[in-house]
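J.: Provided below are the primary sequence and the corresponding predicted coordinates.
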Amino acid sequence: MAAIGRNVIAPLMVLNLIMYIVVIGFASWCLNHFINGQTNHPGMYSNGATFYFLMFAILAGVVGAVSKLAGIHHIRAWRNDSLSSNASASLIAWAITALAFGIACKEIHLTSGRGWRLRVLEAFIIILTFTQLIYVLLLHAGLFSNQFGPAYRDPDYGGGAGEPKGTARV
C-alpha cells in the first residue's frame, strides 16, 4: 500500500522541482534587469509591487528547490524521520510561495503592460502555489495513514519498545 504514496508524490515532486528551477531562472533575469535600471526594457515594466514580487519569487524558487532535495531523500528512504523533515521543509516553501502568489496578484491588478517574462513568472508562481499545496497535503496525509506514507503508527519502525540493546547493566 505504501507504493500508492510514492507513485503519487514522486511525479508531483519532480514537476514542482522543474517549475521552481524555471521560477529561479525567470526571477533572476527580471531582477537583474530591475537592478540595472532597465525597467523600460520590453520584457520588464515595473510598478510598486514588482521589486517585492521579484524578491519573494526568487526566494520561493530557491527555498522550494532546496525543499525538493529533502523530498528526494524522503522518496529514497521512505521513513518517518524523512517524512517529517520533508513535510516541514515543504510547508515553509509553500508559505513563501503563497506570499509570492499574493504579491503576484497585486502586481497583475496594478499593471497591464507587463512583458512576457514577467507574465510567465507570475503564471508559474500561481500554478506552483496550488501544486505545492497539493504536495504538502499529500505529505501530511502520509503522516496519519500508512496507505500514503510510512505513518507514525508504524510498529516496525524505531527501537522505542523494550530494553535498549548494547547497554551494560551496572
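T.: Right, received. Where do you want to start? Remember, predicted model here, so these are calculated numbers, not experimental data. Numbers count the residues shown, from 1 in each chain.
J.: For L54, give me its contacts.
T.: By C-beta atoms under 8 Å, 6 or more residues apart in numbering, L54 lies in contact with 27, 30-31, 34. C-betas here are computed from N, CA, C, even on glycine.
J.: what helix or strand is it on?
T.: In this assignment (DSSP states H and E), L54 forms part of helix 50-77.
J.: Give me the pLDDT for the residue most central in space within the chain.
T.: Nearest residue to the geometric centre of the chain (C-alpha atoms, centre = their mean): G64, 3.5 Å. As predicted, G64 sits at a pLDDT of 96.
J.: same check, this time on I126
T.: 96.
J.: Go ahead and confirm it touches A104.
T.: Yes - counting by C-beta atoms under 8 Å, A104 is a contact partner of I126 at 6.2 Å.
J.: Settle it for me: which of those two has more neighbours?
T.: Using other C-beta atoms under 10 Å as the criterion, I126 and A104 rank with A104 on top: 24 against 15.
J.: residues touching the nearest residue to the more buried one once chain neighbours are set aside, list them.
T.: Of all residues not flanking A104 in the chain, E122 sits nearest, at 4.5 Å (C-beta to C-beta, 6 or more residues apart in numbering). E122 makes contact with 53, 104, 107-108, 114, according to C-beta under 8 Å, 6+ apart.
J.: ranking those by neighbours, who comes first?
T.: In terms of neighbours by other C-beta under 10 Å, those top out with F53 at 30 neighbours.
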